[in-house]
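*Asks:* quick check, what structure comes out for this input:
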Amino acid sequence: MKTVDLLFFMGQSNMAGRGDAALAPVVTPGMGYEYRAVTDPDTLHPLAEPFGVNENDPAGVNEPGMKTGSMVSSFVNACAAQTGVPVVGVSCAKGGSAIAEWLPGTPYYQDAVRRARKARAFLQANGYTIRRSAMVWCQGCTDGDLHTLKTVYKLDTDRVIHEFMTDAGLETCFLIQIGNQRDEPELYLPIQQAQEELAAACDDIILVSRRFKTFAAKGLMKDRFHYLQPAYNEVGEEAGRNAAAYWNR
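*Replies:* Numbering: from 1, shown residues only. Okay, the predicted model is just below:
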């Protein structure tokens, strides 16, 4: 199938994935591919966990050995099952990254734009039609830890999302809300509220999952910040289903 949906999975560690790849779902054959802009930019690979594990650019997003299992495979399965269109995914997520580190002109932002442009050029040169394109964004825990003001976080996130969508030629941002810090559950509330307000104010920012904040009570956190693979699977499935529903609408 030469028609695909192109998705950029971006943000910090809970997008990068700190789970267990062995407990992630297998992606339906033919329905999910990874474009490896850094390590193998001349082909597509069947998408599998740990997604993006070797996509490390020392001049940009670089976290060797840190990606161990993410929500991406479950997202792709849920999305493609509803749309019938294969997904090409590009990894660009960095654990511990604050929103200020993603602002236009920073190394992470410039790396993301490079990856986006390479992915588009590859697909077009190889006869693929890009049906839809979007970023899937999950970031904010570090800003909660840093006590970034809600107003500052909201303005900076708005800028990152909209400038990246322009530079990468994207239509939509699918936003995955962060959860709660396990031991200080109030700490991330301003960031969560900023995310709610952005999605309410912007037609092109679609909040596709709020489920991370339910997992502390279910014992599905592996530490104060990160989740066990079953939690990533749940969030990915919900977010992918909601992204497909938005597109199908």
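
*Asks:* so how far is residue 13 from the nearest residue to residue 69 once chain neighbours are set aside?
*Replies:* Nearest non-adjacent residue to residue 69, counting by Cβ to Cβ, 6 or more residues apart in numbering: residue 19, 3.4 Å away. Glycine gets a C-beta too; all of them are placed from N, C-alpha and C. According to Cβ to Cβ, to the nearest Å, residue 19 and residue 13 sit 11 Å apart.

*Asks:* common neighbours of those two, please.
*Replies:* Common contacts of residue 19 and residue 13 (Cβ atoms under 8 Å, 6 or more residues apart in numbering): residue 226.

*Asks:* surely residue 87 touches residue 7?
*Replies:* Yes: the criterion here is Cβ atoms under 8 Å, and residue 87 meets it with residue 7 at 5.7 Å.

*Asks:* what sits in contact with each of the two?
*Replies:* Common contacts of residue 87 and residue 7 (Cβ under 8 Å, 6+ apart): 76, 79.

*Asks:* flag the shaky bits of this structure, pLDDT-wise.
*Replies:* Counting by pLDDT under 70, the chain has low-confidence residues at 1.

*Asks:* need the helices for it, in chain order.
*Replies:* 13-16, 72-83, 107-125, 141-145, 150-168, 189-201, 229-248 (DSSP state H).

*Asks:* for the ones you listed, which one ends up most surrounded?
*Replies:* Among the helices of the chain, helix 13-16 has the highest mean neighbour count (mean count of other Cβ atoms under 10 Å), at a mean of 27.

*Asks:* please name whichever of the helices of the chain is nearest to residue 38.
*Replies:* helix 107-125 (7.4 Å; Cβ to Cβ).

*Asks:* just want the angle from the closest one to helix 150-168.
*Replies:* Relative orientation of helix 107-125 versus helix 150-168 (axes from the mean of the first three to the mean of the last three Cα atoms, to 10 degrees): 30 degrees.

*Asks:* quick one: list the elements packing against helix 107-125.
*Replies:* strand 3-11, strand 32-36, strand 40-46, strand 87-93, strand 129-138, helix 150-168 (3 or more Cβ pairs under 8 Å, 6 or more residues apart in numbering; DSSP states H and E).

*Asks:* re the thing from before, tell me which of the helices of the chain sits nearest to residue 65.
*Replies:* Nearest to residue 65 among those is helix 13-16; the distance by Cβ to Cβ comes to 11.4 Å.

*Asks:* setting the sequence-adjacent residues aside, check what's closest to the residue sitting furthest away from the middle of the chain.
*Replies:* Centroid-distance maximum for the chain: residue 127 at 25.7 Å, with Cα atoms, centre = their mean. Once flanking residues are discounted, residue 127 sits nearest to residue 2: 5.8 Å by Cβ to Cβ, 6+ apart.

*Asks:* residue contacts, that neighbour?
*Replies:* Residue 2 sits next to 127-129 when contact means Cβ under 8 Å, 6+ apart.

*Asks:* distance to residue 229 added to those residues, as JSON lines?
*Replies:* Formatted as JSON lines, these follow (distance: Cβ to Cβ, whole Å):
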{"residue": "127", "distance to residue 229": "36"}
{"residue": "128", "distance to residue 229": "31"}
{"residue": "129", "distance to residue 229": "33"}
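
*Asks:* check the gap between residue 154 and residue 201 for me.
*Replies:* 9 Å.

*Asks:* tally of neighbours for the residue nearest to residue 69?
*Replies:* 24 (other Cβ atoms under 10 Å).
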